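Chemist: here you go, sequence then predicted model.
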There are 2 protein chains.
Amino acid sequence: MKVTIKDIAKIAGVSTATVSMVMNKKDERISDKTRQKVLKAIEEMGYVPNMIASSMVTKKTKTIGLIIPDISNPFFPDVARGVEDRANEDGYTVILCNSDNDVEKENAYLSILQEKMVDGIIISPSSNRTEFNDEFKKIRIPLVTVDRDVENIENYGKIIVDNARGAYNAVRYMISRNHTRIAHITGPFSSITALDRFSGYKKAIERANLTFDESIIFEGSYTTDWGVESMDHIIEHNLDVDSVFCGNDMIAAGVYKSIHNHGLIVPDDYSVIGFDDVEISEILSPDLTTVKQPKYKIGYESAKMLIHMISRKEIDKKDYILSTELIIRDSVK
Amino acid sequence: MKVTIKDIAKIAGVSTATVSMVMNKKDERISDKTRQKVLKAIEEMGYVPNMIASSMVTKKTKTIGLIIPDISNPFFPDVARGVEDRANEDGYTVILCNSDNDVEKENAYLSILQEKMVDGIIISPSSNRTEFNDEFKKIRIPLVTVDRDVENIENYGKIIVDNARGAYNAVRYMISRNHTRIAHITGPFSSITALDRFSGYKKAIERANLTFDESIIFEGSYTTDWGVESMDHIIEHNLDVDSVFCGNDMIAAGVYKSIHNHGLIVPDDYSVIGFDDVEISEILSPDLTTVKQPKYKIGYESAKMLIHMISRKEIDKKDYILSTELIIRDSVK
DNA sequence: TTGAAAGCGCTAACAT
DNA sequence: ATGTTAGCGCTTTCAA
């Protein structure tokens, strides 16, 4: 039989109310003698408080939900880590949910989390989500969206990364190093991040009075394969290109591959810049110059904002825009 | 005000027991008319069942805890994903905990998880754990250990990977390709996996009647830096080595780096084999030959075993040993 | 400084 | 086929 607060009360010869108070450090006015008796009983019996029962009355589970597309995507582990670290600081625990960018799955998790009475939710919404008058609208607990922006939902917090500016700075850097024909290999334009990075690229090109050339824009997926394929095309068709700005580091890795496969050299033959700064950027040789996303910080700050919303019982509408940082390594001539 | 089962009962003009029954699909003997009334009320009121209250009586939270050293370590996201997928199949949700290989933190999570009344725990125990007569012994709920083995605890499940055999096969492969001076750059021998891989290496060397040479064993950490440092040493001291078997892929990445930095070529100058098969092994050029760990499967099977233990209410002691696979790519001559 | 007791929202045994 | 009711283990007034 599980030992409960009643057992402790009996052993210590006090009431359950007293035990509860010392457990929760609301024991300023409990005599030291009583406190010791209680503590001793707890120790001896190996009492483990039942937080479910406590949640029942306090209406707090000290749990938050984290919904992301896929923890296997190298972008998210650091985000998750940031969330967990911040949550942990305030005694929260986090439930991890992978949505696979599937709106159905996302909705399912959204409602399970609410049934489990989590105190709040952090979500990186599926890029396929088009209708927001559904599950999202029904959410009555604190919510913060991350990374991908979502229109039409109210009463929620928002952490975003300034992708456009990150891209802009990267391309400007290339231009400052005398590159004039900068290709852009990007992820799908159905994703807002890809769109934003593209717009930053374009703006930098135009501001520098270079000609924007659609034929050296390669829209595809955020994968190594897409990087290889696009770069193969550039090299084999002998396109007039001196450098390439990649939508993310995976694409950049593919670009490296293609360049090496053709017996060419980074940055001598082509300069390359990536985006994200995942682990691989320091593994590639030469080390990849890339736009660093504050992944850990994204997670950390979103948890911070959420917890703030939870404890203030008020909705904190302020958006939080995080900026990127250009990490200059060795892939630009 | 939150709507509760009572409200639904009132609106539908039935008892809470009835509502409960239709909610839980235990409604074979509820008339169709009543069921419809209930369903309609639930729909109209936007009723969200309170699972905490239900856990209170059923003693099941449908939640499992997952304790790993660090989700940012590229080995774990796939494991976590496997756990979540299997858990999800049976309606379980998972709480993610990062221990940082810190026994204190691990113990803290172990007790929090029990307070939260999780139905079971999957843990990749800290390699620093030496005493098992502590928190571990006190655990009264289903538990399965993963990846790292732990002695002296009973009543738990166990998923292990045959590291020794994986290493053995890798080294044998190198030998079959006429390598005779195979260096081994490995992680810390405080970790059982490093020890096992080393023993596999040694066995392969000895079985082939090659001489085991301690001076080409480099024990350090599972990092790129350690790979660079060790390989630099090998090259700069001109050690008699024709190939290197690495304790993991990060080390192999460092080895590549060092080789490239010295203007040498993989595999022409040195053949290289890694361990784990994380994403980077396909990003390195040439593609890295490596020993693949079934990361996703490790997670999936551990969750499967755990859920089995949970639902059978009996402890399933059988260990489950997963094997590795040598993925032959282009880094061995 | 401490205890008694109500009640959180639900399920399950027992009635009807 | 459906309703009544007693808890589950805790916290929190309110009394003493």
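Modeler: Noted; the coordinates are in hand.

Chemist: residue A:288 contacts residue A:272, correct?
Modeler: Yes: counting by C-beta atoms under 8 Å, residue A:288 does reach residue A:272; the two are 6.7 Å apart. Every residue, glycine included, has its C-beta placed from N, CA and C.

Chemist: list residues touching both of those two?
Modeler: A:252, A:256, A:331 (C-beta atoms under 8 Å, 6 or more residues apart in numbering or on different chains).

Chemist: around DNA strand C, pick out the residues from the stretch 51-200 of chain A.
Modeler: By C-beta under 7 Å from any atom of the strand, the residues of the stretch 51-200 of chain A that approach DNA strand C are A:56-57.

Chemist: now the strands: where do they sit in the stretch 51-200 of chain A?
Modeler: A:63-68, A:93-98, A:120-123, A:143-146, A:157-161, A:182-186 (DSSP state E, counting those that start in this stretch).

Chemist: output those strands as CSV; include the columns distance to DNA strand D, mean neighbour count and mean pLDDT.
Modeler: Formatted as CSV, the strands of the stretch 51-200 of chain A follow (distance: least, C-beta to the nearest atom of the strand, whole Å; neighbours: other C-beta atoms under 10 Å in any protein chain shown; pLDDT from 0 to 100):
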stretch, distance to DNA strand D, mean neighbour count, mean pLDDT
strand A:63-68, 16, 26, 98
strand A:93-98, 16, 24, 98
strand A:120-123, 19, 26, 96
strand A:143-146, 24, 24, 91
strand A:157-161, 26, 22, 91
strand A:182-186, 52, 25, 97
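
Chemist: out of the ones you listed, the one nearest chain B is which?
Modeler: Across the strands of the stretch 51-200 of chain A, chain B has its closest neighbour in strand A:93-98 (4.3 Å, C-beta to the nearest C-beta).

Chemist: run the chain-centre distance for the closest one.
Modeler: Here the centre of strand A:93-98 is set off from its chain's centre by 13 Å, with C-alpha atoms, centre = their mean, to the nearest Å.

Chemist: can you list the strands that it pairs with?
Modeler: strand A:63-68 (parallel), strand B:93-98 (antiparallel) (DSSP bridges).

Chemist: C-alpha coordinates for it, PDB please?
Modeler: Output of strand A:93-98 as PDB, limited to C-alpha atoms (Å, rounded to 0.1, in the frame of the first residue of the first chain):
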ATOM      1  CA  THR A  93       8.200  19.800 -16.100                       C
ATOM      2  CA  VAL A  94       7.700  19.500 -19.900                       C
ATOM      3  CA  ILE A  95       5.700  17.200 -22.100                       C
ATOM      4  CA  LEU A  96       7.300  16.700 -25.500                       C
ATOM      5  CA  CYS A  97       5.100  16.400 -28.500                       C
ATOM      6  CA  ASN A  98       6.100  15.900 -32.100                       C
END
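
Chemist: identify the residues contacting the residue nearest in space to the middle of chain A.
Modeler: Most central in chain A under C-alpha atoms, centre = their mean is residue A:79, positioned 3.9 Å from the mean C-alpha point. Residue A:79 makes contact with A:68, A:124, A:146-147, A:295-296, A:298-299 under the criterion C-beta under 8 Å, 6+ apart.

Chemist: nearest residue to it in space, please, no chain neighbours.
Modeler: residue A:299 (3.9 Å; C-beta to C-beta, 6 or more residues apart in numbering or on different chains).

Chemist: wait, the one you found sits on residue A:78?
Modeler: Yes: counting by C-beta under 8 Å, residue A:78 is a contact partner of residue A:299 at 6.8 Å.

Chemist: of those two, who's got more company?
Modeler: residue A:299 (30 against 23; other C-beta atoms under 10 Å in any protein chain shown).

Chemist: tell me the angle the strand or helix carrying the more buried one makes with strand A:93-98.
Modeler: If you go by DSSP states H and E, residue A:299 is part of helix A:295-312. Orientation of helix A:295-312 against strand A:93-98 (axes from the mean of the first three to the mean of the last three C-alpha atoms, to 10 degrees) gives an angle of 120 degrees.

Chemist: contacting residues around helix A:295-312?
Modeler: With C-beta under 8 Å, 6+ apart as the test, helix A:295-312 has contacts from A:64, A:75-76, A:78-87, A:90, A:92, A:119-122, A:142-144, A:146-147, A:157, A:159, A:161, A:276, A:315-316, A:320, A:322.

Chemist: now the end-to-end length of stretch A:263-274.
Modeler: The separation between the terminal residues of stretch A:263-274, taken as C-alpha to C-alpha, to the nearest Å, is 21 Å.

Chemist: what's the spacing between it and its chain's center?
Modeler: Centre to centre, stretch against its chain (C-alpha atoms, centre = their mean), the figure for stretch A:263-274 is 30 Å.
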